[in-house]
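[1] A predicted structure for the sequence below; I have some questions about it.
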Amino acid sequence: MSERVFVTGTGIVSAIGFDCEETASALKLSASGIGRITHLNTVYKEEIPVAEVKATDKELMEMAGIQQAGFFSRTTLLGIIAARQALLQADIKDIKAYKTGMVSATTVGGMDRSERFFKKFIIDNSRGRLRDIITHDCGDSTERIADTLGIKDYLATISTACSSSANAILLGSRLIKNGILDRVIVGGTDALTLFTLNGFNSLMILDKNGCKPFDEERNGLTLGEGAGFLVIESERSVRKDHKEVLCEITGYGNACDAFHQTASSPEGEGAYLSMKKALDVAGLEPGRIDYINAHGTGTKNNDLSEGIAIERLFDKNVPLCSSTKSFTGHTLGAAGAIEAVLCVMAIRNRWIYPNLFFRQKMTELAFSPVTDFQYNKPVRHVMSNSFGFGGNNTSLIFSGS
Amino acid sequence: MKAYIQSIGAISPQNTFTGEGFLQEVMAYHHADYLKCIEPAYIDFMDPMASRRMSRIVKMGVCAALKCLRDAGIDNPGAIVTGTGLGCIADTEKFLGSLYANEEKLLNPTPFIQSTHNTVAAAIALMLKCKNYNNTFVHRGFSFEDALLDGLMLLQEHSASNVLVGGLDELTDHSYTITSRLGLWKKQSLDNLRLLDYKDDGSLPGEGVAFFLLSESKSEKSLAKINAVSTFYKPDSHAEAERKIQDFVSTHLGDIANVDFVITGMNGDRVADEVYHHLGRTLFSRLPCGYYKHLCGEYDTSSSFALYLASMILKTQQVPVVLKCDDKPVGKMKNILIYNHLRSVNHGIFLVSTC
């Protein structure tokens, strides 16, 4: 239990870009990825905005370098694109040189294809193309990404709703610390589906005008899609290969709100505990955190509960804080990993991101989120929050040198 | 990494939950297409209001977890970790069905809420008001193995002194129809206890839930000790699988001769069982071997049922005849090896010993 965990590569694809560079440009320009539905075939096309990845499945296949048509869900394709970038940046040429595993996260898995199957299947159980259902389960996407990259030593898939990929990063870090693996590709991927769009719509928590996290007038979340992956490595492999380190994962905390299946507790107990645990693991006082990338979905409930928990923990000294979900939308199982990649970029470049579409401070809170893109800020320790249905809350801390 | 199994709550097609003793009365299913769980009286564990709101898999999961905790005398475990291959598929199907039937309008959100894979782990935490570590693994035949490894790591890290780990999967009419079309099951109905007599392709589908309370220290309640768990993925050959198992045993136990009984995942499928036959001729040639899928059927987290069996064998020092697949004599049980794979892709190995 002494080993440190280093990030050596990152990959990202979301509504605001197909790699880190495009993502950074969009963030600097305050260019949100939220817009009209173009790919998803739903009755809500004109009504509910989303943050779609601006490519068809076919275009994603080309980007992912997949020739074999028909067996890759959109979730998997997004995952391959992001994971490939992470490996490239980490300069991993021989995947077998070290004991390497993959921990991926997803909430819908291959649901984008299952939906096509199910539509025919429910009318007649002998109908529906079987190739559309074999990609349904969450493990399918992880295996296809791992097979594409040649990862074999350890595979896991985590699904804890909206904190899924934060838990993948947490687990990967612990697998390294426990000496089980030298390197882990950690992250998550989720595509937009009718299932999730209608699910969140039935809960009446989708903002018809796009999300406004931490705003007094916020009215719900906006769904997004995408993938984020990080290469994390042990001290041993980093030293041996003289690797360039992007940052270190110093803290992680997982706690359960145990309050309600979908709602967060009014006092933000689970959020408070996960942030507190992460600080304890990192051995940091709250005052050392320079920036919080909040879960900040834009729902009445989450932002209040999270905001109260942040004020409980940081008291009057709340660090610079923003939610980037008004850029990427809420990418569910991918959110923790996408935001982790943004945190790594913030540390590397001394950036703080704006909380787009924020206008008016919440009456219940003393702090307001950052509203403009800030350069040359001292960003050493960053906290990233991910909270999910079932009260599954996870906080991560990334630290620069 | 080691842990003591303090108690088990298992709901399966056998009398594992309420039945007296250990497999005293084996459930034989004739002309079966699948094996389904014998569901307990939920009223003994939760109020009827709560029970009505829960789907079948959530009820089974919560009930098995609560029994496990009750038997261990633990109110609030240090962590809750579940593994499930397909999660809450009944609610997933229900929500998809209503989505199409109602053309996306005026949908009841309850099945959506309960469809997420972490529903059972969350429902347990909610009932116990347990604010500790909570995680859910959803990787096919690795789901339970990955969950168990997470639990063992938590104990090793001293993040918790006890952890509740469970494997769970349900079979629904739709999932049975779909997997039948995929050719996973035998074409004809069969007698479960004769599963290995049908020499054709396919297996017998099943389902089950098994929760284990693991602790870092031993007590008078301890049933067995988990010495190690490991997985491997898509081995190139039977020989590679053999090497992986050999390495695992060498690392954690030394000589293979120290294994007193092997529980294999034989499921009656001609191709899937080849690797077990290979091992029977090689690494396991001198060891008494058994199997379990005729009792619970094939499902993603069936190894949790095998872990229940291994624990009970070690505790009772009895190997029920129904588990054996050879005539080799069994003696005193100290170390049991479980080796199972799902569709030759996800392979899991466990080493379980007396306390």
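    Arrived safely. Owing to the predicted nature of the structure, the values given are computational and were not obtained by experimental measurement.
[2] CA atoms for contacts and neighbours, from now on please.
    Noted.
[3] Show me the helices in the chain, by range?
    Using chain A. A:20-28, A:57-64, A:74-89, A:111-121, A:138-149, A:164-177, A:194-202, A:235-240, A:269-282, A:300-314, A:325-328, A:335-349 (DSSP state H).
[4] my bad, chain B
    So, for chain B - with DSSP H - the helices run B:48-53, B:56-72, B:89-101, B:110-115, B:119-128, B:143-156, B:173-181, B:238-252, B:274-281, B:293-296, B:303-316.
[5] Just checking the distance from the shortest one to the centre of its chain.
    This points to helix B:293-296. How far helix B:293-296 lies from its chain's middle: 11 Å, per C-alpha atoms, centre = their mean, to the nearest Å.
[6] Can you give the contact residues for it?
    B:12-14, B:27, B:35-36, B:192-195, B:204, B:206-208, B:265-267, B:302, B:305 (C-alpha atoms under 8 Å, 6 or more residues apart in numbering or on different chains).
[7] a markdown table please, covering the helices of chain B and showing mean pLDDT.
    Shown next, in a markdown table, are the helices of chain B (pLDDT from 0 to 100):
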| stretch | mean pLDDT |
| --- | --- |
| helix B:48-53 | 88 |
| helix B:56-72 | 97 |
| helix B:89-101 | 96 |
| helix B:110-115 | 95 |
| helix B:119-128 | 97 |
| helix B:143-156 | 98 |
| helix B:173-181 | 98 |
| helix B:238-252 | 98 |
| helix B:274-281 | 98 |
| helix B:293-296 | 98 |
| helix B:303-316 | 98 |
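[8] With mean neighbour count as new columns, can these be given to me in a markdown table?
    Below are the helices of chain B laid out as a markdown table (neighbours: other C-alpha atoms under 10 Å in any protein chain shown):
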| stretch | mean neighbour count |
| --- | --- |
| helix B:48-53 | 12 |
| helix B:56-72 | 23 |
| helix B:89-101 | 19 |
| helix B:110-115 | 22 |
| helix B:119-128 | 24 |
| helix B:143-156 | 25 |
| helix B:173-181 | 15 |
| helix B:238-252 | 16 |
| helix B:274-281 | 16 |
| helix B:293-296 | 26 |
| helix B:303-316 | 23 |
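[9] can you redo the helices of chain A as a markdown table with distance to chain B?
    Shown next, in a markdown table, are the helices of chain A (distance: least, C-alpha to the nearest C-alpha, whole Å):
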| stretch | distance to chain B |
| --- | --- |
| helix A:20-28 | 28 |
| helix A:57-64 | 22 |
| helix A:74-89 | 14 |
| helix A:111-121 | 7 |
| helix A:138-149 | 4 |
| helix A:164-177 | 8 |
| helix A:194-202 | 5 |
| helix A:235-240 | 19 |
| helix A:269-282 | 7 |
| helix A:300-314 | 15 |
| helix A:325-328 | 21 |
| helix A:335-349 | 15 |
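[10] returning to what we had before: out of the contacts of helix B:293-296, which end up buried?
    Neighbour counting over these (16 or more other C-alpha atoms under 10 Å in any protein chain shown) leaves B:12-14, B:27, B:35-36, B:192-193, B:195, B:204, B:206-208, B:265-267, B:302, B:305 as the buried ones.
[11] can you pull the contacts of residue B:18?
    residue B:40.
[12] rewinding a little: just the contacts of helix B:293-296: which are in strands?
    Taking DSSP state E, the ones among those that sit in strands are residue B:208.
[13] Pairing partners for residue A:399 in the sheet, please.
    Beta bridges link residue A:399 to residue A:248, residue A:381 when assigned by DSSP bridges.
[14] wait, isn't it in contact with residue A:382?
    Yes: look at residue A:399 against residue A:382 with C-alpha atoms under 8 Å: they come within range, at 6.4 Å.
[15] Need the overlap of contacts for those two.
    Joint contacts of residue A:399 and residue A:382 (C-alpha under 8 Å, 6+ apart) are residue A:347.
[16] the more surrounded of these two?
    residue A:382 (27 against 24; other C-alpha atoms under 10 Å in any protein chain shown).
[17] I'd like to check which residues are in contact with that one.
    A:289-293, A:343, A:347, A:397-399.
[18] per-domain residue ranges of chain B.
    Here the domain assignment for chain B is B:3-215, B:224-353, based on automatic domain parsing.
[19] any chance of those in CSV, with distance to residue A:278 too?
    Formatted as CSV, the domains of chain B follow (distance: least, C-alpha to C-alpha, whole Å):
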stretch, distance to residue A:278
domain B:3-215, 12
domain B:224-353, 27
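[20] What are the neighbouring residues in contact with residue A:108?
    A:138, A:190-191, A:193, A:196, A:333.
[21] could you redo the last one with a cut-off of 7 Å?
    The contact partners of residue A:108, taken as C-alpha atoms under 7 Å, 6 or more residues apart in numbering or on different chains, are A:138, A:190.
[22] swap in residue B:203?
    By C-alpha under 7 Å, 6+ apart, the neighbours of residue B:203 are B:184-186, B:267-269, B:298.
[23] Apply 10 Å and report the result again.
    Neighbour list for residue B:203: B:33-34, B:183-187, B:195-196, B:266-270, B:272, B:293-294, B:297-298 [criterion: C-alpha atoms under 10 Å, 6 or more residues apart in numbering or on different chains].
[24] In PyMOL, select just the buried ones from these.
    Command for PyMOL that selects the buried part of the contacts of residue B:203, burial taken from 16+ other C-alpha under 10 Å:
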select buried, chain B and resi 33+34+184+185+186+195+196+266+267+268+269+270+272+293+294+297+298
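[25] measure stretch B:178-188 end to end?
    16 Å (C-alpha to C-alpha, to the nearest Å).
[26] With chain A in mind, check whether it reaches it.
    Yes: judged by C-alpha under 10 Å from any C-alpha of the partner chain, stretch B:178-188 and chain A are in contact via B:178-179, B:181-182.
[27] what about the nearest residue to residue B:249 once chain neighbours are set aside, neighbour count?
    Once flanking residues are discounted, residue B:249 sits nearest to residue B:256: 6.3 Å by C-alpha to C-alpha, 6 or more residues apart in numbering or on different chains. Neighbours of residue B:256 under the rule other C-alpha under 10 Å: 18.
[28] Confirm for me that residue B:256 is in contact with residue B:246.
    Yes: under the criterion of C-alpha atoms under 10 Å, residue B:256 makes contact with residue B:246 at 7.5 Å.
[29] okay, and the common contacts of these two?
    Contacts common to residue B:256 and residue B:246, judged by C-alpha under 10 Å, 6+ apart, are B:283-284.
[30] where does the stretch 201-350 of chain B come near chain A, residue by residue?
    B:230-235, B:345-346.
[31] change it to 7 Å
    B:232-233 (C-alpha under 7 Å from any C-alpha of the partner chain).
[32] can you check the stretch 51-200 of chain B too?
    B:86, B:96-97, B:100, B:104, B:106-109, B:112, B:116-119, B:122, B:125-126, B:129-140, B:146.
[33] Quick one, grab the pLDDT at residue B:134.
    pLDDT, residue B:134: 98.
[34] Verify the stated contact: it with residue B:80.
    Yes: assessed by C-alpha atoms under 7 Å, residue B:134 is found in contact with residue B:80 at 4.9 Å.
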